[in-house]
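Peer 1: Predicted model follows, preceded by the sequence.
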Amino acid sequence: MNNKLVINYTPGPTLIHKLSGFTKVFLFLVMTVAIISTFDIRILVPLLLINVAEIISMKPNYKPLVVVFSITFVTVTLIGNLMLFAVSPEAGLNNVGAEHIIWQGSGSHYISKEFLWYIFVVFMKRTTSFASVMAFALATTPSEFASGLNKCGLPYKICTIVSLAYRTIPDIANDFINIRNSMMMRGAELTGKGVSLWKRLKNTVLLLVPLVFTAFGKVGNIANAMDLRGYGKNKKRTWYAENEPTKADHIVRILTVILLVMVIYYIVRYRFIDPWPAKFWCPWLSRDEIIHIDVLDTIKLFDWFRK
């Protein structure tokens, strides 16, 4: 199952895999805050390189990563940018603060250098977020994730729910395959060139009904087993997957704290004390060239109310 899914259910052999659950969760939370806090490409590129280096060091199966990234790239990046160009070609002006047109189309559609820079930065931000999530998922087992969240102060009952949710993914996938094969043996048309799209959707909906009932049945069995073993009786609990911190854990935690301090400094300095005049930093623009735009004035729908 580890070869088919991005999520690992057994600890890996590399240095990143052997870090404690708290170290991995702490690094992931700080990395997430750092990515969310900025659209500055000078910050996003180093974060992306760190996450890519983590992924490469774990020597994963790249096939599911490529598949997930390709689907995300096509559905979110390509389609999203085409819709953005059709609806709001002035997105570069609104976010970068200037406009240098390099192609003028018909009507109000055009392409500017700032628009291309805008979609590039957004793409880098999404890619960095994707790499961060994939690095964390590849390095962390569900039990390590739960123990790490508990070490961060989250109640252990909620952590157990998170762990169980991750662990049911392969079971649901296997149940889905078994139910699909059973329906196909009974004559249900789910694949094939001669099957219409409507019939496939209809049969797929029928497939989901037994899948949901099977999942709820397993939830009941798990709940009964946990009650019989006295789960939730004590206020605290230990975790089988939580190891004692090693020298590598201490080094990673120190580096994570340094990263957290840098993130806080960046937010305070460049968001409140000396913010950049526009939302996106751009290498070929100076502060004096930034045009202050009220985003509400660029929404075409409001023009109808102003008339």
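Peer 2: Okay, I see it.
Peer 1: gap between residue 157 and residue 258?
Peer 2: For residue 157, the distance to residue 258 equals 33 Å [C-beta to C-beta, to the nearest Å]. C-beta here means a position set from N, CA and C on the backbone, and glycine is covered the same way.
Peer 1: repeat for residue 154
Peer 2: According to C-beta to C-beta, residue 154 stands 24 Å off from residue 258.
Peer 1: Which one's more surrounded, the two?
Peer 2: residue 154 (14 against 11; other C-beta atoms under 10 Å).
Peer 1: Confirm the more buried one sits in a strand?
Peer 2: No: Residue 154 sits outside any strand when classified using DSSP: H, G, I helix; E, B strand; the rest coil, being coil.
Peer 1: quick one: it and residue 256, what's the gap?
Peer 2: Relative to residue 256, and taking C-beta to C-beta, residue 154 is found at 18 Å.
Peer 1: for residue 265, helix, strand, or coil?
Peer 2: At residue 265 the chain is in helix, as set by three-state DSSP.
Peer 1: and it, what does it touch?
Peer 2: If you count contacts by C-beta atoms under 8 Å, 6 or more residues apart in numbering, residue 265 has none.
Peer 1: pLDDT wise, what is it at?
Peer 2: pLDDT, residue 265: 92.
Peer 1: cool, residue 249 as well?
Peer 2: On the pLDDT scale, residue 249 is placed at 93.
Peer 1: elements contacting the host helix or strand of residue 214?
Peer 2: Counting by DSSP states H and E, the element that carries residue 214 is helix 197-228. Where contact means 3 or more C-beta pairs under 8 Å, 6 or more residues apart in numbering; DSSP states H and E, helix 197-228 is packed against helix 156-185.
Peer 1: Check the gap between residue 267 and residue 196 for me.
Peer 2: Taking C-beta to C-beta, one finds residue 267 at 53 Å from residue 196.
Peer 1: Can you pull the poorly scored residue ranges out of the stretch 151-300 of the chain?
Peer 2: 189-195, 292-300 (pLDDT under 70).
Peer 1: Map the structural domains onto the sequence of the chain.
Peer 2: Domain assignment of the chain by automatic domain parsing yields the ranges 1-141+244-307, 154-240.
Peer 1: Can I get those domains in CSV including distance to residue 147?
Peer 2: Converted to CSV, these look like this (distance: least, C-beta to C-beta, whole Å):
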stretch, distance to residue 147
domain 1-141+244-307, 4
domain 154-240, 4
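Peer 1: Mean neighbour count, these: which tops it?
Peer 2: Burial of the domains of the chain is given as mean neighbour count (mean count of other C-beta atoms under 10 Å); domain 1-141+244-307 ranks first at a mean of 15.
Peer 1: how far does that domain sit from the chain's center?
Peer 2: Distance of domain 1-141+244-307 from the chain centroid (C-alpha atoms, centre = their mean, to the nearest Å) equals 10 Å.
Peer 1: circling back: return the distance of the helix holding residue 214 from the chain's centre.
Peer 2: 26 Å.
Peer 1: Show me where this protein has its helices.
Peer 2: 21-36, 41-57, 62-72, 79-87, 91-96, 113-139, 142-151, 156-185, 197-228, 247-267, 301-306 (DSSP state H).
Peer 1: pretty sure residue 47 is touching residue 127, no?
Peer 2: No: the criterion here is C-beta atoms under 8 Å, and residue 47 misses it with residue 127 at 10.2 Å.
Peer 1: if I pick residue 218, what's in contact with it?
Peer 2: Per C-beta under 8 Å, 6+ apart, neighbours of residue 218: 168, 171.
Peer 1: quick one: contacts of stretch 114-123?
Peer 2: Residues from elsewhere that reach stretch 114-123 (C-beta under 8 Å, 6+ apart): 39, 41, 44, 77, 81, 84-85, 89-93, 95-100, 102, 280, 282.
Peer 1: one more time with 7 Å, if that's ok
Peer 2: Here stretch 114-123 makes contact (C-beta atoms under 7 Å, 6 or more residues apart in numbering) with 39, 41, 77, 81, 89, 91-93, 95-96, 98-100, 280, 282.
Peer 1: what's the spacing between residue 100 and residue 151?
Peer 2: Separation of residue 100 from residue 151 (C-beta to C-beta): 50 Å.
Peer 1: Let me fix that, I meant to ask about residue 63.
Peer 2: Residue 63 is 33 Å from residue 151, by C-beta to C-beta.
Peer 1: before we move on, what about residue 98?
Peer 2: Distance, residue 98 to residue 151, by C-beta to C-beta: 47 Å.
Peer 1: How about residue 51?
Peer 2: Distance check for residue 51 against residue 151: by C-beta to C-beta, it reads 22 Å.
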